[in-house]
Each structure stands twice: as structure tokens, then as C-alpha cells.
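Peer 1: here are the coordinates; sequence isn't available:
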């Protein structure tokens with residue numbers, strides 16, 4: 001009989017989690033086209049991003065295993081947040097530790113993020129002060145890079161989002177370059193009304 005794998009706990013990210021979050025991001029920046037970043041963020045940059053997420057009254061969630069190691073994380077940031085007309089729209093980021101990919105952590109994180117965005121008052125541990133009704137999140141965006149050499153010819157992540165209720169709303173060709181390759185992006189949207 002195979003050993004049972006426990007479901008990770010989902011927690012509000014804290015500053016103590018930032019070094020592990022930075023290491024996960026570093027892996028994806030150095031080894032994939034997912035972020036289109038060319039250099040990994042420093043711990044200080046990740047910490048500043050974390051503080052900006054909280055300042056926008058948005059969630060930043062980590063998944064931890066039995067040993068309290070961060071095995072994944074997700075958060076939302078304001079889409080074009082400098083322009084208040086976009087205040088109801090946020091963009092998600094979701095990453096799993098590479099050694100824990102394809103173990104069901106991504107769906108857990110995504111579903112929790114969606115639940116928090118829909119009902120922030122039910123998750124005071126994640127959103128200490130929910131947004132007022134006039135700033136409530138109504139639309140969740142996912143922007144993804146397409147690595148044609150990857151999962152399902154680069155469309156596996158798109159299929160993951162579609163399975164969770166997202167609708168593909170845009171496709172830009174050859175908009176970024178990394179590892180001497182031109183990269184397409186796809187945009188997906190989930191209505192939270």
C-alpha cells in the first residue's frame with residue numbers, strides 16, 4: 001500500500017515565508033518562460049511585492065506541508081492598479097514548488113484564492129480589512145506564457161484554468177523573448193459576480 005500524502009495546509013503568507021517564496025520564483029525565472037522575467041527577484045523585492053498585495057487588501061496564500069515547508073503560493077494583484085477604473089479587476093499569480101508540482105496543490109491554492117476574492121469577509125486571516133463594495137473584486141485574470149515544448153504543447157496551463165471556470169479572452173503572438181525564443185501569451189478571465 002502506498003503511503004498517504006497529506007493535504008497541505010493553506011495559510012496567509014507571512015514575512016517568514018518570503019525566503020521560500022523567493023526560492024520558488026527563482027526556479028521558475030531561471031528554468032522556464034512562465035514569468036518572462038530574466039532575472040530572479042531578490043528577497044527584498046518579493047517582500048515589497050508581498051506588502052503591496054496586502055496594501056491593496058488582496059490575499060497572498062501559501063501552501064505548507066507537514067514540515068511547514070512552503071510547497072506553493074498564490075496571490076492577486078490589482079490589474080493596472082494605478083487606474084482606479086480597473087479597481088474591480090485583479091491578476092493572479094500561482095506557483096508550486098517544482099518538487100511538488102502535479103500533486104493537487106495548484107487546484108487547492110486556486111480554489112482558495114477564488115473563495116477569498118468572492119467572500120473576503122469569510123477569510124479574516126487572509127484579508128484583515130476587506131475592500132469596500134465599490135472596490136470589490138469582480139474579475140480575476142490569468143496571463144500565461146506559452147511554452148510550446150511544455151505540458152500539452154504549452155496549453156496545459158490554459159486547460160487547467162478553463163477546467164476551473166476561466167474563459168480564454170485573448171492571445172498575443174510573439175510578445176516576449178526568453179532563452180532566445182519568442183513567446184506567445186494567453187489571457188483568461190473568471191467572473192466573480
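Peer 2: Received, thanks. Predicted model only: the values in this text are computed from it and were never measured.
Peer 1: by mean pLDDT, which helix or strand of the chain comes out lowest?
Peer 2: Evaluated with mean pLDDT, DSSP states H and E, the helix-and-strand set of the chain has its lowest mean pLDDT in strand 167-178, which scores a mean of 87.
Peer 1: now that one: buried residues?
Peer 2: Taking 16 or more other CB atoms under 10 Å as the neighbour-count basis, strand 167-178 is seen to contain the buried residues 168, 178. No exception for glycine: its C-beta is placed from N, CA and C like everyone else's.
Peer 1: how far off centre is that strand?
Peer 2: On the basis of CA atoms, centre = their mean, to the nearest Å, strand 167-178 sits 17 Å off its chain's mean C-alpha point.
Peer 1: what's that strand in contact with?
Peer 2: 33, 36, 38, 145, 158, 162, 182-190 (CB atoms under 8 Å, 6 or more residues apart in numbering).
Peer 1: and the helices in the chain, which stretches?
Peer 2: Using DSSP state H, the helices of the chain run over 18-31, 43-55, 105-118, 156-163.
Peer 1: can you redo these as a markdown table with mean pLDDT, distance to residue 131 and mean neighbour count?
Peer 2: Rendered in a markdown table, the data for these read as follows (pLDDT from 0 to 100; distance: least, CB to CB, whole Å; neighbours: other CB atoms under 10 Å):
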| stretch | mean pLDDT | distance to residue 131 | mean neighbour count |
| --- | --- | --- | --- |
| helix 18-31 | 97 | 23 | 17 |
| helix 43-55 | 97 | 12 | 16 |
| helix 105-118 | 96 | 10 | 20 |
| helix 156-163 | 90 | 23 | 16 |
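Peer 1: give me the buried positions along stretch 118-136.
Peer 2: Along stretch 118-136, these residues count as buried under the neighbour rule (16+ other CB under 10 Å): 120, 123, 126, 127, 130, 131, 136.
Peer 1: same check, this time on stretch 75-89
Peer 2: If you call a residue buried by 16+ other CB under 10 Å, then stretch 75-89 has these buried ones: 75, 76, 78, 79, 81, 87, 88, 89.
Peer 1: now do the end-to-end distance for it.
Peer 2: 13 Å (CA to CA, to the nearest Å).
Peer 1: what's the answer for stretch 79-92, then?
Peer 2: Across its full length, stretch 79-92 reaches 9 Å end to end, with CA to CA as the criterion.
Peer 1: could you do stretch 6-17 as well?
Peer 2: The stretch stretch 6-17 measures 20 Å between its terminal residues, going by CA to CA.
Peer 1: quick one: contacts for residue 161?
Peer 2: Applying CB under 8 Å, 6+ apart, one finds that residue 161 lies in contact with 142, 144, 188, 190.
Peer 1: to clarify, my last question referred to residue 97.
Peer 2: Applying CB under 8 Å, 6+ apart to residue 97 gives the contacts 24, 27, 69, 70, 71, 72.
Peer 1: report how many residues lie close to the third one.
Peer 2: Using other CB atoms under 10 Å, residue 69 has 15 other residues around it.
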